[in-house]
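**Student:** the following block contains a protein sequence and its predicted model.
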Amino acid sequence: MFPSVQLLDVSGPLQVFSTANDIVGESGGASPYAPRVVAQGCGDIVASAGLGIAAGRLPPIDAALDTLVIAGGEGVQAAAADPALVDWIRLRANSARRVASVCTGAFLLAATGLLDGRRAATHWSLCDELARKFPAIRVEPDPIFVRDGPVWTSAGVTAGIDLALAMVEKDLGRTVALAVARYLVVFLKRPGGQAQFQHGIVPASGRGQIRSAA
């Protein structure tokens, strides 16, 4: 993560992996995930919502790594302009089993060149900007998340939870992923064709059955 990160981009996926550990542990299994939150430097990184999040230092390039998840947020453009951070992500991603971005974290991942020639998603309001800045990327505005080989990208904010649940399902199976979704009171897979933005998501007025029920 980085200064002015989107809080839920970090906490959403982190909670999915943590809950998966709890559920597997209840059955006597070893924790499948050992998540670490890291940033350049160390100490508290203040999210755009104003909450400080404790972060460890960026681990060495040769340290073991399975999955690298890059958060988004208001500070992503400054992060993407940091050559040292971009280089670290590029090198770490090349040694990871998979790499992912949440929401506008796609801009930071795109700065490494790792999205060139791939399909990718980001927040619906910034799809055009991502496509304009990085024309080698095939930006898809509709999906909740996109997987293109070892690279995963997700749409806005809460879509990071969907992405993490999909990773859990791939790693541990549908039964565990469904148990995680039930515990977190979220859909394992959202209805409605997985579209991230629908004009009908907010009622146009207070009339009709909802108003009558109130």
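**Tutor:** Thanks, I have the structure now.
**Student:** so where's the chain uncertain?
**Tutor:** Applying pLDDT under 70 to the chain flags residues 191-214.
**Student:** which parts of it are strands?
**Tutor:** 38-39, 43-46, 52-57, 67-70, 98-101, 119-120, 138-139, 145-148, 151-154 (DSSP state E).
**Student:** let me have those strands in JSON lines, extended by mean neighbour count and distance to residue 25.
**Tutor:** C-beta coordinates here come from the backbone N, C-alpha and C atoms, glycine included. Listed next are the strands of the chain as JSON lines, based on neighbours: other Cβ atoms under 10 Å; distance: least, Cβ to Cβ, whole Å:
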{"stretch": "strand 38-39", "mean neighbour count": "19", "distance to residue 25": "24"}
{"stretch": "strand 43-46", "mean neighbour count": "15", "distance to residue 25": "28"}
{"stretch": "strand 52-57", "mean neighbour count": "14", "distance to residue 25": "23"}
{"stretch": "strand 67-70", "mean neighbour count": "22", "distance to residue 25": "19"}
{"stretch": "strand 98-101", "mean neighbour count": "25", "distance to residue 25": "23"}
{"stretch": "strand 119-120", "mean neighbour count": "22", "distance to residue 25": "34"}
{"stretch": "strand 138-139", "mean neighbour count": "18", "distance to residue 25": "39"}
{"stretch": "strand 145-148", "mean neighbour count": "20", "distance to residue 25": "26"}
{"stretch": "strand 151-154", "mean neighbour count": "27", "distance to residue 25": "25"}
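**Student:** nearest to residue 128, out of those strands?
**Tutor:** In terms of Cβ to Cβ, the element of those nearest to residue 128 is strand 138-139, at 8.0 Å.
**Student:** could you give the number of residues near the closest residue to residue 70 other than its chain neighbours?
**Tutor:** In this structure, residue 70 finds its nearest non-sequential neighbour in residue 105, 4.0 Å apart by Cβ to Cβ, 6 or more residues apart in numbering. Residue 105 has 30 neighbours, counted by other Cβ atoms under 10 Å.
**Student:** my guess is residue 105 contacts residue 75, does it?
**Tutor:** No: Residue 105 lies out of contact with residue 75 (Cβ atoms under 8 Å); the separation is 10.7 Å.
**Student:** where is the longest helix in this structure?
**Tutor:** helix 7-26 (DSSP state H).
**Student:** may I have stretch 134-145 as CSV, with CA atoms only?
**Tutor:** The C-alpha trace of stretch 134-145 is given here as CSV (Å, rounded to 0.1, in the frame of the first residue of the first chain):
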residue,chain,number,x,y,z
PHE,A,134,-1.9,2.7,-21.2
PRO,A,135,-3.2,1.9,-24.7
ALA,A,136,-1.5,-1.5,-24.7
ILE,A,137,-4.0,-2.7,-22.0
ARG,A,138,-7.3,-4.1,-23.1
VAL,A,139,-9.5,-2.4,-20.4
GLU,A,140,-12.8,-4.1,-19.7
PRO,A,141,-15.3,-1.8,-18.0
ASP,A,142,-18.0,-4.3,-17.0
PRO,A,143,-16.5,-7.2,-15.0
ILE,A,144,-16.1,-7.3,-11.2
PHE,A,145,-12.7,-8.7,-11.8
